[in-house]
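Trainee: Show me how the following folds:
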Amino acid sequence: MNVVGIICEYNPFHFGHKYQIEEAKRLTGSEYAVAVMSGNFVQRGEPALMSKSSRVKTALEEGADIVLELPLTYACSSAQFFAQGAVSVLSSSGVVTHLSFGSESGDLSKIVDAADNFESKQASIKEKLSSGASYAKAVESLTGIAKGDSNDILAVEYIRALKKYSSDMIPLPVKRISELSSGEKIYSAAEIRNAILKHSGEPKKIAAICGKFLPSFSSKNALEELSAGRFPVCLENFSQVFFAKLRSGGPDFIKNLPGVSEGLENKLYDASLDSTSLEELISSCVSKRYTASRIKRILVHAMVCGGNFYGYDQRRPVPYIRVLGMRKEASKLSEMIAEKSSVPYVMSNADAYKICPELARSEAAANDVYSVCFPCGTAKGRREYTDKFTVI
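Mentor: Residues are numbered from 1 along each chain as shown. Take a look at the predicted model:
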């Protein structure tokens with residue numbers, strides 16, 4: 001039986017995502033699609049527009065059969081560790097036969113060649129990084145994949161991760177399409193996010209955007225979250241928390257955060273004292289070496305887990321598989337994962353805590369911090385330990 005795995009954020013879930021699930025199932029002949037999804041904070045160092053639980057429900061209603069968790073340690077990290085964490089979850093499931101991912105080129109041989117080229121030029125990459133080039137720029141110059149082709153850059157990391165874990169999963173790029181069969185344009189997640197955040201505080205305009213650019217269930221769930229005051233969540237909502245953490249912690253606190261090196265702690269601390277807005281703080285720290293995404297990831301780590309980080313080496317595979325939600329029709333697949341997985345298969349964060357307290361604590365902290373900054377104000381915490389996984 002073929003089962004296709006998909007690594008995702010669904011921030012928000014749009015028509016392109018729906019197409020990828022359907023096409024991946026069709027091309028692989030898979031009965032099931034298993035999604036590994038980021039939680040409340042995503043890879044670019046920002047909060048997801050909607051909560052993890054809401055996005056899990058949307059994913060299941062729009063075509064995924066089971067949604068698994070990508071813990072914060074990996075989800076809010078560089079492309080390399082994001083990919084390694086997600087691939088390790090799918091690979092350790094024991095049931096996923098194919099790994100599907102969106103791609104600008106749709107050319108697997110090009111992506112594999114780029115991954116091989118990357119591996120053979122590690123010294124050159126380190127040299128370019130030490131000279132001040134960003135990671136994306138170094139990858140572009142050594143693999144030929146353009147910096148703007150973010151999906152292909154991630155795909156290179158997926159291939160590298162498959163090799164790292166000697167995984168038998170078969171990679172399958174699904175070429176991104178720009179329009180539906182009806183001829184209507186498909187807007188990217190970034191375009192939709194920008195449109196929504198541009199009209200933050202204007203619920204009627206946000207509702208119109210969701211109704212036009214999102215599939216039916218995705219739009220319905222977004223409107224429910226909008227009505228409840230839990231959407232959209234934006235980075236600026238957390239600005240005072242960021243400033244408080246950096247100013248009170250000081251350089252000694254900041255230097256222990258992941259992604260901080262070469263005296264960046266002093267620059268971040270000074271920026272927190274000299275800046276009066278989050279945008280100013282971030283821009284004053286951006287350089288050839290340090291991208292805005294890297295700075296934002298550091299801020300998220302400071303806010304969520306403090307100077308202790310997570311106590312878990314993100315170069316290691318995820319030590320458990322946590323299911324966030326599933327369709328009733330996928331119960332057989334869930335039982336198969338429980339039987340065949342090479343790591344424990346758990347149904348709650350409380351169960352995950354018994355296996356790896358460091359990762360479970362960070363996930364709970366991320367959920368609690370995220371719910372402080374809803375548009376409607378602070379929501380109750382502890383939900384990571386009390387909520388059950390979603391079944392539809």
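Trainee: Please count neighbours and contacts with C-alpha atoms only from this point.
Mentor: OK.
Trainee: Residue 28 touches residue 4, doesn't it?
Mentor: Yes. Counting by Cα atoms under 8 Å, residue 28 does reach residue 4; the two are 7.2 Å apart.
Trainee: what do those two both touch?
Mentor: Counting by Cα atoms under 8 Å, 6 or more residues apart in numbering, the common neighbours of residue 28 and residue 4 are residue 98.
Trainee: model confidence over the helix or strand containing residue 33, on average?
Mentor: Element membership for residue 33 (DSSP states H and E) is strand 32-38. Averaging pLDDT along strand 32-38 yields 98.
Trainee: Parallel or antiparallel, list what pairs with that strand.
Mentor: strand 3-8 (parallel), strand 66-70 (parallel) (DSSP bridges).
Trainee: And the longest one, what's buried?
Mentor: Judged by neighbour count using 16 or more other Cα atoms under 10 Å, the buried positions of strand 3-8 are 3-8.
Trainee: What is the neighbour count of residue 32?
Mentor: 22 (other Cα atoms under 10 Å).
Trainee: scratch that, residue 358
Mentor: Neighbour tally, residue 358, other Cα under 10 Å: 18.
Trainee: would you say residue 17 is within a strand?
Mentor: No. Residue 17 is assigned helix when assessed by DSSP: H, G, I helix; E, B strand; the rest coil, not a strand.
Trainee: What sits closest to it if chain neighbours are left out?
Mentor: Counting by Cα to Cα, 6 or more residues apart in numbering, residue 10 is the residue found nearest to residue 17 once chain neighbours are left out, at 7.5 Å.
Trainee: Compute the distance between that neighbour and residue 263, please.
Mentor: From residue 10 over to residue 263 the distance is 35 Å, taken as Cα to Cα, to the nearest Å.
Trainee: the more surrounded of these two?
Mentor: More neighbours surround residue 10 than the other of residue 10 and residue 263, with 21 against 11 (other Cα under 10 Å).
Trainee: so where do the helices sit in the stretch 251-392 of the chain?
Mentor: Assigned by DSSP state H, counting those that start in this stretch, the helices in the stretch 251-392 of the chain fall at 264-274, 278-285, 292-304, 331-340, 349-355, 357-370, 383-386.
Trainee: so which of these gets nearest residue 47?
Mentor: Between residue 47 and the helices of the stretch 251-392 of the chain, the shortest separation by Cα to Cα is 7.5 Å, and it involves helix 357-370.
Trainee: how big is the angle separating the closest one from strand 66-70?
Mentor: 100 degrees (axes from the mean of the first three to the mean of the last three Cα atoms, to 10 degrees).
Trainee: what angle do helix 357-370 and helix 292-304 make?
Mentor: Counting by the same axes, to 10 degrees, helix 357-370 lies at 100 degrees to helix 292-304.
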